[in-house]
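Peer 1: model the following, please.
(chains A and B)
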Amino acid sequence: MEVQLPSRLFSNERLVTTIGNDVCESCSLLRRSKYIKLPSGELDSAIWSSQDIFGLSINTFLCNTNAIGIESHIEDVRYVSNDTRNLPFDSDNQRASINISEVLAIHDKNIILRMFYGKIFGLSGYYPFGQKGSEEFQEYQYELRIYYKPLLFNPFHFEIQVYSSENDYTSPIERENLKRYHKSLGSDIRNKILLDKLALPL
Amino acid sequence: MSDCQSLMPYNSSHIIYDHCKETYSISVNNNKFSTKEALIQISDDCFELCKGRLDEDSDSSFFGRSIYDDLKYRIIDLAVEFDLNSFGFSISLEPSLHFIVRFKRGITLFFETYLDSENELETYVQIYEDKELILSIRDTISNGLFYVDEVLQEILSSRTLQFQLDH
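Peer 2: Numbering: from 1, shown residues only, chains lettered A, B, ... in the order given. Sure, this is the predicted structure:
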């Protein structure tokens, strides 16, 4: 269902600077998900597909929006604008000639998962290359980093990136360049989330 | 249960007498995750909720279902030998069959089999003791189960107690 994008989701320099400066360890990270509540009491492994974690889009929900004068709602993560102008936000120049009341977005009804910035940033572990016992076997180390990536129609947008010892942590692993053995990496990250229930449905 | 064995209910437990080996086994059932039947029920309920994630293509769906039907019994047979805190199953978006079993003493097992009808099935197994990863392997289903059993036997006591009769 397409609806009008709320004007509070139209980025501007002041808003983006405030969010970037204010994000902290106790801030929430929100993600839409095809998650199902299961009778087992355990979390559904479909919090995201294992390849989604490489550049996972999330929204932040700041702890003190009232104090810093920002209007923000948990439900904001439900708005998905497929407008071609919804590019990374750089400056207020991008706002020129846009009538925000004409910008449409999908209002996604999927479950919202909540994580905490401080629990996800720096999450690290190991993943195998090759089978244990074989000559080619080795273990790589990874860690998660979170970057602020405001979009023109979503000032709360962040991304989770996966860095690895495979390339000495020089650049994140790209979703488009995943190899078969990276399945284990995606699974390891997801298992760590499930182990400590670091993502919970709202 | 073999022809040698007879079952005697005792409170919430069962005493199994093996006529051939002349042994008694006590199977202790002290929570809802302690019987094989209960775990199968939980697993199947979860499967029903998630099965739409298997490809809509009927062959792939049949493939996933048949792997699940075999794997659930093998994992449950193994898990039920130990004291469990919880048991869960879901189908991930890849799709893969994903079991999570939490045992007493902070032991957690993840057993994930990636569904791929064109290549040999791969399974990724992890066992955590609290937050410490103590087993992590990518292998076949059978090898994965073998290593899981080996590790669990080493760090957890089986809840099937064996007694040898004296003569």
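
Peer 1: helix, strand or coil for B:D55?
Peer 2: coil (DSSP: H, G, I helix; E, B strand; the rest coil).

Peer 1: contact partners for A:Y148?
Peer 2: A:19-20, A:23, A:157-158 (Cβ atoms under 8 Å, 6 or more residues apart in numbering or on different chains). From N, CA and C alone the C-beta is placed, and that goes for glycine too.

Peer 1: at 6 Å what do you get?
Peer 2: The contact partners of A:Y148, taken as Cβ atoms under 6 Å, 6 or more residues apart in numbering or on different chains, are A:20, A:158.

Peer 1: so which helix or strand takes in the residue in chain B positioned nearest to chain A?
Peer 2: Here the residue of chain B nearest chain A is B:G88; by Cβ to the nearest Cβ that distance is 2.9 Å. According to DSSP states H and E, B:G88 maps onto strand B:84-91.

Peer 1: the helix or strand just after that strand versus strand B:84-91: what angle between them?
Peer 2: Next helix or strand after strand B:84-91 toward the C-terminus (DSSP H and E): strand B:96-103. Between the axes of strand B:96-103 and strand B:84-91, defined by axes from the mean of the first three to the mean of the last three Cα atoms, to 10 degrees, the angle is 170 degrees.

Peer 1: run through who's touching the next helix or strand after strand B:96-103.
Peer 2: Following strand B:96-103 in sequence order, the next helix or strand is strand B:107-114 (DSSP H and E). With contacts defined as Cβ under 6 Å, 6+ apart, strand B:107-114 is touched by A:187, A:191, A:195, B:75, B:96-102, B:121-129.

Peer 1: for chain A, which residues are neighbours of chain B?
Peer 2: Residues of chain A lying near chain B by Cβ under 6 Å from any Cβ of the partner chain: A:36, A:38-42, A:44-46, A:49-50, A:128, A:132, A:184, A:187, A:191, A:195.

Peer 1: return the subset of these lying in helices.
Peer 2: A:184, A:187, A:191, A:195 (DSSP state H).

Peer 1: could you dump these into TSV and include neighbour count?
Peer 2: Output for these, formatted as TSV (neighbours: other Cβ atoms under 10 Å in any protein chain shown):
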residue	neighbour count
A:S184	23
A:S187	26
A:N191	22
A:L195	18
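
Peer 1: switch these over to TSV; also include pLDDT and distance to A:E102.
Peer 2: Listed next are those as TSV, based on pLDDT from 0 to 100; distance: Cβ to Cβ, whole Å:
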residue	pLDDT	distance to A:E102
A:S184	87	46
A:S187	92	43
A:N191	95	44
A:L195	94	46
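
Peer 1: so what pLDDT did the residue nearest to A:L200 when sequence neighbours are not counted get?
Peer 2: Leaving out its chain neighbours, the residue that sits closest to A:L200 by Cβ to Cβ, 6 or more residues apart in numbering or on different chains is A:R114, at 5.6 Å. In this prediction, A:R114 carries a pLDDT score of 95.

Peer 1: buried residues in the one helix or strand A:R114 maps to?
Peer 2: Assessed by DSSP H and E, A:R114 sits inside strand A:111-116. By 16 or more other Cβ atoms under 10 Å in any protein chain shown, the buried positions in strand A:111-116 come out as A:111-115.
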